[in-house]
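A.B. asks: how would this look folded up:
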Amino acid sequence: MLKIEQLCAGYGRSDVIRDIDLRVPAGQLVCLIGSNGAGKSTIMRAISGMIRPTAGEIILGGRNITNMPSNEVASCGLAHVPEGRRIFPSLSVMNNLRLGAYRRKEASAADVAREIDHVMEIFPRLRERSRQYAGTLSGGEQQMLAVGRALMGAPSIILLDEPSMGLAPKLVDEVYSVVRRLRAEGRTMLLVEQFANVALNVADFAYVVENGRIVLSGTAGDLLSNPRVREAYVGASRSNHLPGATTRAPRLEQSQRAVHNA
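C.D. replies: All right, here's what the predicted structure looks like:
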């Protein structure tokens, strides 16, 4: 579904990510893990057209989308749920969802209504708050709305960037129950997550990103059982109900040394 080769991108004259190669097969959930500042979100922004790559190729469903602006990338079937959610706070929950279907020119009003019903079946709380301004929702509800808005576009792939950020452990659990459901439905997803053990327990395949490069990859199960990966990203939070929910990843230089020794 998504193939990236030798991707380089950044801000201004500086590349943050370099020579990124990754694959997201159709129907699978692939995750990117790594320390804060490693370049994970930059990879997501380059894929969705929010920033322009300086080198490399991004192929979505056989189509080269490398230099497309983000609105055209969305029209190709890619939905990006960005870090920080980016919902429209002054619009109602219902109108946020309707905006998610803006690119579906062929969809009838009945099609959009059915999709809204499906999203609200996944997120019952959004039905309860359908007329409420999105800016008055809790952080967890806003994250649900951001994911629901992405689903309204009927995407072929969904990019989820830090869906647990700023949420209490119970809400992280709720968000990831939905991620598991979407995976069971056969949705194709690329996930960035600060809590590596949460991501590795739901993903099919994973890449470790450090200092703008991929330094390790493998099945999620293999990386979860890798002693060095556990030491760098998982071990400090094993005792929590939602592993990692109250503990940040180790400092960049510590985790980088551990992974490079793997």
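A.B. asks: for Leu167, list the residues it contacts.
C.D. replies: Leu167 makes contact with Gly139, Gly140, Gln143, Val175 under the criterion Cβ atoms under 8 Å, 6 or more residues apart in numbering. The C-beta positions use only the backbone N, C-alpha and C, and glycine is treated the same way.
A.B. asks: next up, phi/psi of the most centrally placed residue in the chain, please.
C.D. replies: With distances taken as Cα atoms, centre = their mean, the chain has Leu160 as the residue nearest its mean C-alpha position (1.5 Å). The phi/psi pair for Leu160 (degrees, to the nearest 10) reads phi -110, psi 110.
A.B. asks: returning to what we had before: and the contacts of Leu167, which is closest to Leu182?
C.D. replies: Nearest to Leu182 among those is Val175, at 10.8 Å by Cβ to Cβ.
A.B. asks: in terms of pLDDT, where does the residue nearest to the centre of the chain sit?
C.D. replies: Per-residue pLDDT puts Leu160 at 93.
A.B. asks: do Met165 as well
C.D. replies: 80.
A.B. asks: which residues does it contact?
C.D. replies: Glu83, Gly84, Gln194.
A.B. asks: swap in 10 Å and give it another go.
C.D. replies: Contact partners of Met165, counting by Cβ atoms under 10 Å, 6 or more residues apart in numbering, are Glu83, Gly84, Arg85, Gly139, Gln143, Val172, Val192, Glu193, Gln194, Phe195.
A.B. asks: tally up the residues packed near the fourth one, please.
C.D. replies: By that I understand Gly139. Residues near Gly139, counting by other Cβ atoms under 10 Å, number 13.
A.B. asks: pLDDT-wise, which helix or strand of this structure ranks last?
C.D. replies: Between all helices and strands in the chain, the lowest mean by mean pLDDT, DSSP states H and E belongs to helix 252-260, at a mean of 40.
A.B. asks: how about the strands in the protein?
C.D. replies: 2-11, 14-24, 29-33, 55-60, 63-64, 78-81, 157-161, 189-192, 205-210, 213-219 (DSSP state E).
A.B. asks: reformat these as a markdown table; add distance to Ser108.
C.D. replies: What follows is these, written out as a markdown table (distance: least, Cβ to Cβ, whole Å):
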| stretch | distance to Ser108 |
| --- | --- |
| strand 2-11 | 29 |
| strand 14-24 | 30 |
| strand 29-33 | 31 |
| strand 55-60 | 26 |
| strand 63-64 | 26 |
| strand 78-81 | 20 |
| strand 157-161 | 23 |
| strand 189-192 | 27 |
| strand 205-210 | 37 |
| strand 213-219 | 41 |
